[in-house]
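Trainee: Provided below for reference: sequence and predicted model.
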Amino acid sequence: MTDTIVIAELSKGQISNATNELVTAANQLGSNCTVVVPCTDSTVANPAGSISGVGKVIAAKSDVFSNYDASAWSEALDAVTPSGVIVTSASAQSKDLAARLAARRSVSVVQDVIAIEDGILSTPIYSGKAIQKVSVNGNSVISVRANIFSPADNSGNCEIQVIDTTGNVTTALQEMVQRASARLDVSEANIIISGGRGMGTPANFSHLEEIADKLGAAVGASRAAVDTWDEIPHSMQVGQTGKTVNPNLYIAVGISGAIQHLAGMRSSKYIVAINKDADAPIFQHADYGIVATWEEALPVLSSSLSNLLA
Ligand SMILES: Cc1cc2nc3c(=O)[nH]c(=O)nc-3n(C[C@H](O)[C@H](O)[C@H](O)COP(=O)(O)OP(=O)(O)OC[C@H]3O[C@@H](n4cnc5c(N)ncnc54)[C@H](O)[C@@H]3O)c2cc1C
């Protein structure tokens with residue numbers, strides 16, 4: 001079987017749980033899974049050593065990993081990553097990296113994998129309207145969407161090798177400004193409640209936040225909402241030109257269900273739609289639909305949740 005290599009997904013400088021999901025995906029594609037951890041401090045790689053199903057961890061140590069630069073990262077990782085099938089996450093940065101790594105190695109790249117069955121990869125195309133099945137022979141790079149594969153547990157124990165590497169930084173990042181928000185990002189959430197133009201005003205998003213706090217959910221938005229209201233940041237946008245999400249539960253409130261919005265969330269496990277228009281396209285994709293204004297539906301949902309959680 002082909003050797004597999006997972007490029008660890010990092011969140012705020014630490015290995016994120018998505019890495020465990022990538023290990024599960026990698027072990028369905030081949031064997032001898034190695035996890036490569038891009039880091040400036042090799043201790044960051046330690047948690048990868050306990051992921052079950054991992055044969056070896058390589059802490060790829062370099063100053064270039066302090067900030068993302070596609071050229072430098074792909075060069076530095078290419079130098080230390082064994083050959084085989086490389087698996088990355090399908091976050092925007094990791095998809096960029098996947099393409100760069102594939103180009104450096106002159107191998108195929110398959111992006112946004114949502115299923116693996118007998119070595120056949122499924123990926124959505126045409127904004128998710130169709131699913132493409134791809135078989136890969138030999139070395140390649142694939143990116144895998146979050147929340148599809150169950151995460152490997154942390155009962156493993158394997159060797160961690162530290163390798164110094166370097167790359168040529170071509171884009172010098174001057175400053176990273178993170179928008180101050182204590183809220184969970186939609187790309188990391190298992191439950192998302194999103195609002196659209198039907199919310200009427202940005203202040204009404206507080207009703208979504210109230211429910212999000214009860215559910216431990218992130219708050220998302222349609223493009224119409226982020227384009228119309230400055231108070232709703234673009235980082236919340238779900239869809240073709242926003243973020244692709246794949247939560248267990250997606251609640252769409254006052255969102256019509258345009259194809260471009262569906263492109264970012266239609267693979268959610270359960271979709272609930274609240275819309276006052278019974279003919280809104282979102283209902284064709286919803287597992288549960290509530291034909292009502294949000295003004296009617298959200299207070300009921302909120303108090304039901306309070307009773308459930310009491
Ligand atoms: C190239 C391109 C890329 C795009 N990318 C994206 C993208 O990434 N993400 C995205 O979302 N869109 C994207 N769009 C825009 C997309 O086509 C739609 O315009 C947009 O999704 C509509 O947002 P909406 O559903 O919030 O607004 P509307 O279409 O205005 O729908 C509002 C809905 O709210 C309902 N409503 C109104 N009042 C209430 C109420 N009180 N209670 C309950 N329901 C109510 C209405 O019945 C209606 O269905 C893109 C468009 C293009 C051309």
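Mentor: Right, received. Where do you want to start?

Trainee: mind listing what's buried in the top strand by length along the chain?
Mentor: The single longest strand within the chain, with elements called by DSSP state E, is strand 31-39. Using 16 or more other Cβ atoms under 10 Å as the burial criterion, the residues of strand 31-39 that qualify are 32-39. Where you see a C-beta, it was placed from the backbone N, CA and C, and this is true even at glycine.

Trainee: Next: stretch 4-23.
Mentor: Of the residues in stretch 4-23, those buried by neighbour count under the rule 16+ other Cβ under 10 Å are 4-10, 15-16, 18-23.

Trainee: Stretch 75-94 now?
Mentor: Of the residues in stretch 75-94, those scored as buried under the neighbour-count criterion (16+ other Cβ under 10 Å) are 75-78, 80-81, 84-91, 94.

Trainee: Show the end-to-end separation of that stretch, please.
Mentor: In terms of Cα to Cα, to the nearest Å, the two terminal residues of stretch 75-94 are separated by 14 Å.

Trainee: does the ligand sit close to it?
Mentor: No. On the criterion Cβ under 6 Å from any ligand atom, stretch 75-94 is out of touch with the ligand, staying 12.8 Å away.

Trainee: For Asn154, give me its contacts.
Mentor: Under the criterion of Cβ atoms under 8 Å, 6 or more residues apart in numbering, the contact partners of Asn154 comprise 20, 47, 50-52.

Trainee: ok, these vs Gln237, which is closest?
Mentor: Asn20 (27.4 Å; Cβ to Cβ).

Trainee: got the angle for the strand or helix carrying the closest one vs strand 31-39?
Mentor: In this structure, Asn20 sits in helix 18-29 according to DSSP states H and E. For helix 18-29 against strand 31-39, the angle by axes from the mean of the first three to the mean of the last three Cα atoms, to 10 degrees is 150 degrees.

Trainee: what helices or strands is helix 18-29 leaning on?
Mentor: Contacts of helix 18-29 with other secondary structure elements, assessed using 3 or more Cβ pairs under 8 Å, 6 or more residues apart in numbering; DSSP states H and E, are made with strand 3-7, strand 31-39, strand 85-89, strand 115-117, strand 140-144.

Trainee: quick one: which of these is nearest Ala225?
Mentor: Nearest to Ala225, of all the helices and strands packed on helix 18-29, is strand 85-89, at 26.4 Å by Cβ to Cβ.

Trainee: same question for the closest one, mean pLDDT?
Mentor: The pLDDT scores in strand 85-89 average 97.

Trainee: on contacts alone, who are the packing partners of it?
Mentor: Counting by 3+ Cβ pairs under 8 Å, 6+ apart, the packing neighbours recorded for strand 85-89 are strand 3-7, helix 18-29, helix 92-105, strand 140-144.

Trainee: Near Ala99, how many other residues are there?
Mentor: 17 (other Cβ atoms under 10 Å).

Trainee: which parts of the stretch 51-200 of the chain sit against the ligand?
Mentor: For the stretch 51-200 of the chain, the residues found near the ligand under the criterion Cβ under 6 Å from any ligand atom are 196-198.

Trainee: Among the residues you listed, which one sits closest to Gln161?
Mentor: Checking those against Gln161 by Cβ to Cβ gives Gly196 as the nearest, at 48.9 Å.

Trainee: ok, the closest residue to that closest one other than its chain neighbours - contacts?
Mentor: If you skip the residues right next to it in sequence, Gly196 has Ile255 as its closest partner in space, 3.4 Å away by Cβ to Cβ, 6 or more residues apart in numbering. Contacts for Ile255 were tallied using Cβ under 8 Å, 6+ apart; they are 194-198, 222, 261, 273, 275, 282.

Trainee: so Ser268 sits right up against Ala252, yeah?
Mentor: No. Under the criterion of Cβ atoms under 8 Å, Ser268 makes no contact with Ala252, lying 9.4 Å away.

Trainee: Give me the more crowded residue out of these two.
Mentor: Residue environment comparison for Ser268 versus Ala252 gives the larger neighbour count to Ala252, 31 against 22, counting by other Cβ under 10 Å.

Trainee: Wasn't the more buried one part of a strand?
Mentor: Yes. Ala252 forms part of a strand when assessed by DSSP: H, G, I helix; E, B strand; the rest coil.

Trainee: Would you check how far apart it and the ligand are?
Mentor: 8 Å (Cβ to the nearest ligand atom, to the nearest Å).

Trainee: wait, doesn't Cys158 sit right on Gly55?
Mentor: Yes. Under the contact definition of Cβ under 8 Å, Cys158 touches Gly55, with a separation of 6.1 Å.

Trainee: what about the two, which has more around it?
Mentor: More neighbours sit around Cys158 than around the other of Cys158 and Gly55, counting by other Cβ under 10 Å; the figures are 18 against 14.
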